[in-house]
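Trainee: one predicted model, sequence on top.
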Amino acid sequence: MKKLLIILLLFTGCNYKELNNIAIVTGIYIEYNNQYKIDIMVSKNKNIIYHTKGKTINKALDNLSIPKQLYLGHLNIVIINKNANKKMQEITNYFNNNYEVSKNFYIMMSNNNILKIIAKLDPFPFNKISLIKISDNHLTYDKYIKNNLEKGYSYIPIVEYKDNYLTTKKSILIRGIK
Amino acid sequence: MISKNINENIKYIKNKFGNSSDIKYRTIKNITYIYLESVSSGELISEYLIKSILNNKEIYNSSLSILTTMEEILYNLSSGFTIVFIKNKVISIETKSILDRGINESTSETIIRGPKDSFTENHQINIGLIRKRIKDPNLWFKEFKIGKRTKTKVTMAYINDIALKENVNIIEKQLNNINIDGILDSSYIKEMLDNSITFPEIMSTERPDLTSGALLEGKIIILVENSPFVLILPSFLIDFMHSAEDYFESPINISLTRILRLISFILTIITPAFYIAVTTWNQEIIPNDLLLSLSKGRTGVPFPTALELIMLMTTFEILKEADIRMPNASGTSVSIVGALILGEAAVSAGIVSPIAIIVVAFTSISGLVFTDIDFINSIRYWRFIFIIFSIILGFIGVVIASLIFLTKLCSMEYLKTPYTIPASPLIKNGLKDSFIRFRRNKINKRTSYLTNNIKKGD
């Protein structure tokens, strides 16, 4: 019994985080122009957006200057700009390898920075995001990966901001990862 | 040894008692009697003894006996008997004075519907309360005198053709092996017979109806002089989740109440550990809006979650203890101070978060559903173990701790029956009165793990 306890103590990971020491990330916006430009939407009483840049996604997130630890378990939206089209493999690599991300976030492409508009809604605009399911073009990340594995390709919806409402109309075809 | 000279006897007795101030003796017409004023009643002495001596009639009394050794004389003197020296014979007459409080309502186990008399400190009254409920001549009482200096009467009672003979012999042997200075309460015997650290295996109760029910099932009870608490053994986990009132209400209501008690047993042990695991290790399972409120509630709190919970639980235990010891006059102010002010003020001072108070209050209130004090204390101990495991490993820690808990529960046994009977091993006719209660006419057999005599009513 005592040996069991001692062995258990050796297994403790570094995953202990207090609720007031984490920054709850609810949305990410990724752009690519010779280096990654990432916008992070952190929710507490209202949504705040932070900007970073970096050569890879990991380096960009390391450059961030928030005093709190990033918590990606409640990530809900990832918007990728069209000019990061060629970099989809790196982006999916990052999200696949991250154990904390909850792989059922909505993934979409856009032409301009939609995250600023979404940030004006209430924190955790999840219930409002369901309004985006106007056409049935919404796609969650696990479905995206599933489509890639089954069919070899997948569509991603494009979201636009037109006259005070968000629409998803066209879809862009992304070749699967081999 | 009793000598022929009466004066020598009396001097010997006085020296043995150290010339205590309550020894009184007198000689009338060549008859000497000696008694202890504190435990004997002067009225009874004059009624039985002096009247018949002065009128030259025979001494009459319902329990008159002739003694032969000095040890018996000393024991009977301390029990309140009067010793009379007549013509080379030594007689003891019962003249005990009433030194107890009479049959009252029980203060620790209150019920609404059902008999309200409870055991007192008088040994014969306790035995009488059981005898008048079970008028079977098979109800046997065996007396032991335990304790070198206190010589307390300890009585073991059982119904002869229901209880198992091996159990009776084992307990008799254990009682005979007790070698102690004094027994002041039934809990002394309980400590000696019950050798489990975690959950209690012997139940103590103040109610004669519960005791009689246990006797009819085949259990063995131990009554101790000067103690209003009676021990029932063997007791299993399921017995601590029943209350005396269960047998006086309708079966459907009681079934739901018992299921509620089972749920609160699990909740009171797991809730603090679950809260720590969810808010510090696995925040992914919290719904979105709840995460925001929890996070806002914890702004500015300087302590880690586990320390908050431990501080609050310690405060609650201190409050409970103070509430018991405080005299009745200031009882209500203590509860108001504790509950409202400490809780509210601690939150606004920023020491604890509001949901921690809710968790601790819920845990403690679920723990108060059970009546046996030993059981509540052992729940407290397990709560703490669960918290430690959840700090180290989160949800996996809670699972590991519950595995250890289950293993420990299932490995306890007393008098060769496991503690978690009738759930494991599964005994079908014991299930009719365990988690739910069937109607009485459907329970027509006794449980087979306590007795060989299964048929009722013959």
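Mentor: Okay, I see it. All values derive from a computational prediction rather than experimental measurement. Numbers count the residues shown, from 1 in each chain, chains lettered A, B, ... in the order given.

Trainee: where does A:Asn104 sit: helix, strand or coil?
Mentor: Put simply, A:Asn104 is coil when judged by DSSP: H, G, I helix; E, B strand; the rest coil.

Trainee: all helices of chain A, in order?
Mentor: Per DSSP state H, chain A carries helices over the ranges A:2-10, A:57-62, A:88-97, A:115-118, A:126-129, A:141-151.

Trainee: switch those helices over to a markdown table; also include distance to chain B, mean neighbour count and mean pLDDT.
Mentor: Every C-beta, even on glycine, is put in place using the N, C-alpha and C of the backbone. Below are these laid out as a markdown table (distance: least, CB to the nearest CB, whole Å; neighbours: other CB atoms under 10 Å in any protein chain shown; pLDDT from 0 to 100):
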| stretch | distance to chain B | mean neighbour count | mean pLDDT |
| --- | --- | --- | --- |
| helix A:2-10 | 6 | 9 | 67 |
| helix A:57-62 | 19 | 16 | 90 |
| helix A:88-97 | 15 | 15 | 89 |
| helix A:115-118 | 15 | 18 | 82 |
| helix A:126-129 | 6 | 15 | 54 |
| helix A:141-151 | 14 | 15 | 87 |
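
Trainee: and chain B, which residues reach chain A?
Mentor: The interface of chain B toward chain A, taken as CB under 8 Å from any CB of the partner chain, is made up of B:279-281, B:283-284, B:288-289, B:291-292, B:294-296, B:298-301, B:304-305, B:389, B:391-394, B:397, B:400.

Trainee: quick one: buried ones out of those residues?
Mentor: With burial judged by 16 or more other CB atoms under 10 Å in any protein chain shown, the buried subset of these is B:279-281, B:283, B:288, B:291-292, B:294-295, B:298, B:301, B:305, B:389, B:391-394, B:397, B:400.

Trainee: so where's the stretch 301-450 of chain B shaky on pLDDT?
Mentor: In the predicted model, the stretch 301-450 of chain B carries pLDDT under 70 at residues B:329-332.

Trainee: how about the helices in it?
Mentor: B:305-325, B:331-336, B:343-349, B:354-367, B:373-393, B:395-411 (DSSP state H, counting those that start in this stretch).

Trainee: Serialize those to TSV and add fields for distance to B:Met1.
Mentor: Output for the helices of the stretch 301-450 of chain B, formatted as TSV (distance: least, CB to CB, whole Å):
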stretch	distance to B:Met1
helix B:305-325	50
helix B:331-336	57
helix B:343-349	70
helix B:354-367	59
helix B:373-393	46
helix B:395-411	54
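
Trainee: so for B:Ala423, which of those sits nearest?
Mentor: B:Ala423 lies closest, by CB to CB, to one member of those: helix B:395-411, at 9.3 Å.

Trainee: now for that closest one, which elements pack on it?
Mentor: helix B:251-280, helix B:373-393 (3 or more CB pairs under 8 Å, 6 or more residues apart in numbering or on different chains; DSSP states H and E).

Trainee: ok and the first one relative to helix B:373-393, angle-wise?
Mentor: Comparing the axes of helix B:251-280 and helix B:373-393 via axes from the mean of the first three to the mean of the last three CA atoms, to 10 degrees yields an angle of 30 degrees.

Trainee: let me know the angle separating helix B:251-280 from helix B:395-411.
Mentor: 140 degrees.

Trainee: could you give the average pLDDT over helix B:251-280?
Mentor: Mean per-residue pLDDT for helix B:251-280: 92.

Trainee: quick one, what contacts the closest residue to B:Phe240 other than its chain neighbours?
Mentor: Ranked by CB to CB, 6 or more residues apart in numbering or on different chains and with sequence neighbours excluded, the top spatial neighbour of B:Phe240 is B:Phe375, at 4.7 Å. Contact analysis of B:Phe375 by CB atoms under 8 Å, 6 or more residues apart in numbering or on different chains lists B:Phe199, B:Pro200, B:Phe240.

Trainee: touching, B:Thr271 and B:Phe362? I think so.
Mentor: Yes - applying CB atoms under 8 Å as the test, B:Thr271 and B:Phe362 come out as touching, 6.3 Å apart.

Trainee: comparing the two, which residue is more hemmed in?
Mentor: B:Thr271 (19 against 16; other CB atoms under 10 Å in any protein chain shown).

Trainee: just give the nearest non-adjacent residue to that one, would you?
Mentor: Of all residues not flanking B:Thr271 in the chain, B:Thr363 sits nearest, at 4.9 Å (CB to CB, 6+ apart).

Trainee: count of residues packed around that neighbour?
Mentor: 25.
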